[in-house]
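> Need a 3D model of the sequence below.
(2 chains)
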Amino acid sequence: MPEPAPVPVPPDESFLLARARRQDADAFEDLYRAHHRRVYALLLRMCTDPVRADEMTQDTFVQAWKGLRKFRGASDFGTWLHAIAVRVCLNARRSERRHDHHEMNDTDTYAFAAKRAMPETQIDLERALAALPNRAREVIVLHDVYGYRHGEIGDLLGIAEGTSKAQLHRARGLMREALER
Amino acid sequence: MTEQEYQGEIADRLAQLPVDADPVNDLWPGIEARVHEPRSWQGTHTFVQLAAASVIFAVGLGTGFAFGFTRTPPAAPQSMRAMNLAVEVQRTGTQYVTALAAFAAVVDSLSEDVRIQGREAAITALLAATQEWGTLSGTPPGENELFKTVSNERDQVATVRF
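Just a heads-up that it's a prediction; the model follows:
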């Protein structure tokens, strides 16, 4: 009887990180494969535009590659990537405001993109999230979907902890109105 | 239900949402192209690099004054142009799939004519994509099975219509 094929064991993340810090792009690709789906989901929900989410995901990983030497492992690598992703999103939004860029506000198109990318998601919730004002959406996505605490959200978004709490309350209220409609 | 209970319920529902999503395209090739770009402004020799850049800038400026400025922009390196085109392909691919998903979601409520038009538009774009795929992968036109399959499907759509 032939022996079953060995199950590939994913390489230890710290080992991959050490290799990636030495400019090993293959190791970095493994890190990308392990983390890109979560980063993409976060960015898709924050910017509600699948094309921009593609670009921002790429920007996030390029910045991570360039800053790998600064990553000392004080936080989880995924958390560090999220922080970069949020910064990329906020910077892009600032730049778009400066250039009078109109954001895609078509909640239906976003909801379909979200359903395609996350088939098990709840489309009514995604649509209600997409309809929120940017800051309220950022806070509720980070807090309620990704489980960040208000202090952490304050650090990520550059706002006071109290502002994060107020935005969360506002966001949930607006979600309620949207879902009851 | 009180306001607090409702807020709790929304939080509970949001906590159940998936936290991972699949992009339409593989984003790694675009990242890979960028991580292989030279890291010109990093490392421990930044000061030396800045000084060298200043010298190069000054020499360039002097040369410009000496020989007169030209309004013609320098041609982009071929690799940069290819990368930009690849990014554009990826961007339009994502837009195409998103538009198709939006169309597919409302298709039941449309008249038969509009549905046929939508299918035709989608399959024509697919056909063009398979043709380009053949060129990119170096497959001779007569051996592009992907193109032949989609072409047959497109013919069937056209047959149904006419």
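> Where does the prediction get shaky in chain A?
Scanning chain A for pLDDT under 70 picks out A:1-11, A:97-105.
> In contact with the spatially most central residue of it, which residues?
In chain A, the centroid-proximal residue (CA atoms, centre = their mean) is residue A:42; its distance is 2.4 Å. Applying CB atoms under 8 Å, 6 or more residues apart in numbering or on different chains to residue A:42 gives the contacts A:82, A:85, A:86, A:141, A:146, B:19. The way it works is simple: take the backbone N, C-alpha and C, and place the C-beta from them, glycine included.
> For residue 93, identify the helix or strand it belongs to.
Chain wasn't specified; assuming chain A. helix A:77-98 (DSSP states H and E).
> Wait, chain B was what I had in mind.
helix B:78-106.
> quick one: average pLDDT of that helix?
In this model, helix B:78-106 has a mean pLDDT of 70.
> residues near residue 142, how many?
Using chain A here. 24 (other CB atoms under 10 Å in any protein chain shown).
> Switch to chain B, please.
8.
> Could you look up the SS state of it?
Classification of residue B:142 by DSSP: H, G, I helix; E, B strand; the rest coil places it in helix.
> Tell me how far it lies from chain A.
Counting by CB to the nearest CB, to the nearest Å, the gap from residue B:142 to chain A is 34 Å.
> gap between that residue and residue B:148?
Distance from residue B:142 to residue B:148, counting by CB to CB, to the nearest Å: 9 Å.
> per the record, what domains does chain A have?
Per the record, chain A has its domains at A:13-123, A:132-181, by automatic domain parsing.
> who touches the helix holding residue A:93?
By CB under 8 Å, 6+ apart, helix A:77-98 touches A:13, A:17, A:31, A:35, A:38-39, A:42-43, A:46-47, A:52, A:55-57, A:59-61, A:63-64, A:67, A:71, A:75, A:101, A:103, A:134, A:138, A:142, A:146, A:156-158.
> if we can go back for a sec, want to try a markdown table for the domains of chain A, with distance to residue B:119 as columns?
Shown next, in a markdown table, are those (distance: least, CB to CB, whole Å):
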| stretch | distance to residue B:119 |
| --- | --- |
| domain A:13-123 | 17 |
| domain A:132-181 | 33 |
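> Pull out the buried positions in stretch B:24-40.
Neighbour-count burial for stretch B:24-40 flags B:24, B:27, B:28, B:30, B:31, B:32, B:33, B:34, B:35 (criterion: 16 or more other CB atoms under 10 Å in any protein chain shown).
> Dump those into TSV; add pLDDT and distance to residue B:122 as well.
Formatted as TSV, the buried residues of stretch B:24-40 follow (pLDDT from 0 to 100; distance: CB to CB, whole Å):
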residue	pLDDT	distance to residue B:122
B:24	90	15
B:27	95	23
B:28	95	27
B:30	93	25
B:31	94	29
B:32	93	30
B:33	91	29
B:34	91	32
B:35	87	35
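> before we move on, back to that, type out the ChimeraX command that picks the buried ones from the contacts of residue A:42.
Buried members of those, defined by 16+ other CB under 10 Å, are picked up in ChimeraX with:
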select /A:82,85,86,141,146
